[in-house]
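Asks: One predicted model, sequence on top.
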Amino acid sequence: MPIDDYEILESIGSGSYGECRKIRRRRDGRLLVWKEMEYGAMTETEKQMLVSEVNLLRELRHRHIVRYHDRLIDRQRYVLYIIMEFCEGGDLSAIIGQHKREHRAIDESFVWKMCVQLASALQVCHTRSKNGRGAVLHRDLKPANIFLDSNRNAKLGDFGLARVLNPDNAFARTFVGTPYYMSPEQVNYLTYNEKSDIWSLGCLLYELCALRPPFIATNQKELAVKISKGVFQRIPQQYSEELNDLIKLLLQVDEFRRPSIDQVLDHPVVQRRGAEYL
Ligand SMILES: CN(C)CCCNS(=O)(=O)c1cccc(Nc2nc(OCC3CCCCC3)c3[nH]cnc3n2)c1
C-alpha cells in the first residue's frame with residue numbers, strides 16, 4: 001500500500017478541509033506534510049473540481065510556492081491525501097504573534113524579503129491566468145497561509161484546496177474569520193481579480209511592520225467602511241519612507257491605480273532592496 005511509504009508523525013493542525021499531518025517518507029527519511037480530505041459526501045461535480053484543483057497545484061512549481069509532491073487515495077475510507085513539502089519555519093501568523101507578544105519589531109530586511117519572494121510567487125499565478133492556462137486559484141495571501149522553510153524563505157500555501165472543498169460556502173468561507181485583507185472592490189461588489197492580490201500583499205507588508213492589519217474594526221460593516229475609505233496610519237517610524245511609500249502604492253483604493261505584479265517587481269526600490277532575496 002503506497003500509504004505505507006510514509007510514517008505518520010504529529011498533527012500540525014486542521015484546516016477547513018481536514019487534518020494536516022507531518023509525515024516522513026520511508027525511502028529517504030524526507031519530512032513532508034499531508035492534508036487529509038474526506039470526499040465521501042462530495043457530489044460528482046465537487047469531486048471533479050477537486051481533481052482539477054489538485055492538477056493545478058501539481059503544475060504550480062515555484063521556489064516560493066509550497067511544492068506539491070503526490071496524492072494518495074484511500075478508496076475504502078473515501079479519503080484523499082495531498083502530500084506537500086514541509087515548511088520547517090511555520091507560518092507568518094505565528095511569527096507576527098510572537099513579535100507582538102515580545103514587543104519586538106520585525107526587521108525591515110525581512111519585510112523586503114517577504115515582499116519580493118511573495119510577489120514572485122504571485123507573478124507565476126498571475127502570468128498563468130493571463131496565458132489562459134486555467135484560471136489559477138487565487139492564493140489567499142494572508143499570514144496563516146504563508147509558510148517559511150528552514151532558511152526563512154517564504155512559501156505561499158495552498159489556499160485553493162479549502163475553497164474547492166467548501167464550494168457552497170465559498171462566499172461564507174470568505175467570511176470565515178474577519179476578512180481584514182479584503183480589497184475595496186471585493187467589499188463593494190465581491191469581485192476578485194489580480195489587483196485584489198496586490199491589495200492583500202500591501203496588507204501583509206503593513207501587518208509585518210505594524211504587527212496588526214491596516215484596517216481593523218469590531219464588526220464587518222465598520223471594517224468594510226474603513227477598507228472602502230482606505231485611510232490607515234503610517235507604519236511605525238522606524239521603517240523607511242521608501243517602504244512606507246511602497247505600501248501606500250499597494251493599498252490604493254482605486255484598483256486601476258494599484259500596480260500590477262510585474263510593476264511591483266520592476267519597481268526600482270523593490271529591485272534595490274529585494275534583489276538579494278530572489
Ligand atoms: C522556528 N519554529 C518556532 C517554527 C516551529 C514550526 N512549528 S511546526 O509545528 O513545525 C509548523 C507549524 C505551522 C506550519 C508548519 N509547516 C507547514 N504547515 C502547513 O500547513 C499548516 C496547516 C494549514 C492549515 C491549518 C492547520 C495548519 C503546510 N502545508 C504545506 N506545507 C506546510 N508546512 C509547521
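Replies: Arrived safely. Numbering: from 1, shown residues only.

Asks: how about the helices in the stretch 151-278 of the chain?
Replies: 159-165, 170-174, 184-189, 194-210, 220-229, 241-250, 261-266, 268-274 (DSSP state H, counting those that start in this stretch).

Asks: Close to the ligand: what parts of the stretch 51-200 of the chain are there?
Replies: 66, 84-87, 89-91, 147, 157 (C-beta under 6 Å from any ligand atom). Every C-beta, even on glycine, is put in place using the N, C-alpha and C of the backbone.

Asks: State the pLDDT value of the closest residue to the ligand within the stretch 151-278 of the chain.
Replies: Relative to the ligand, the nearest point of the stretch 151-278 of the chain is Gly157 (5.7 Å; C-beta to the nearest ligand atom). On pLDDT, Gly157 comes in at 91.

Asks: now Glu222
Replies: Glu222 is given a pLDDT of 97.

Asks: Pull the number of nearby residues for it.
Replies: 12 (other C-beta atoms under 10 Å).

Asks: same thing with the one 10 residues further on?
Replies: Per other C-beta under 10 Å, the neighbour tally for Phe232 reads 19.

Asks: could you measure it against Lys195, distance?
Replies: To Lys195, Phe232 is 18 Å away according to C-beta to C-beta, to the nearest Å.

Asks: contacts for stretch 94-112?
Replies: 89, 143, 148, 152, 205, 207-209, 211-212, 236, 238-240, 243, 270, 273-274, 277 (C-beta atoms under 8 Å, 6 or more residues apart in numbering).

Asks: give me the residue from the stretch 101-250 of the chain nearest the ligand.
Replies: At 4.9 Å from the ligand, Phe147 is the closest residue in the stretch 101-250 of the chain, using C-beta to the nearest ligand atom.

Asks: name the element that residue belongs to?
Replies: With elements taken from DSSP states H and E, the one containing Phe147 is strand 146-148.

Asks: ok so, going back, residues contacting the residue of the stretch 101-250 of the chain closest to the ligand?
Replies: Applying C-beta under 8 Å, 6+ apart to Phe147 gives the contacts 66, 87, 89-92, 154-155, 157.

Asks: can you list those residues in CSV and add neighbour count and distance to Asp28?
Replies: Shown next, in CSV, are these (neighbours: other C-beta atoms under 10 Å; distance: C-beta to C-beta, whole Å):
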residue, neighbour count, distance to Asp28
Val66, 22, 19
Cys87, 21, 18
Gly89, 16, 21
Gly90, 12, 23
Asp91, 20, 25
Leu92, 23, 29
Ala154, 25, 25
Lys155, 25, 20
Gly157, 22, 24
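
Asks: ok but Glu10 is inside a helix, no?
Replies: No: read with DSSP: H, G, I helix; E, B strand; the rest coil, Glu10 is strand and lies in no helix.

Asks: how about the nearest residue to it, chain neighbours excluded?
Replies: With C-beta to C-beta, 6 or more residues apart in numbering as the criterion, Glu10 has its nearest non-adjacent residue at 5.6 Å, and that residue is Lys22.

Asks: and what of Ser228?
Replies: Leaving aside its chain neighbours, Ser228 sits nearest to Pro184 (5.1 Å; criterion: C-beta to C-beta, 6+ apart).
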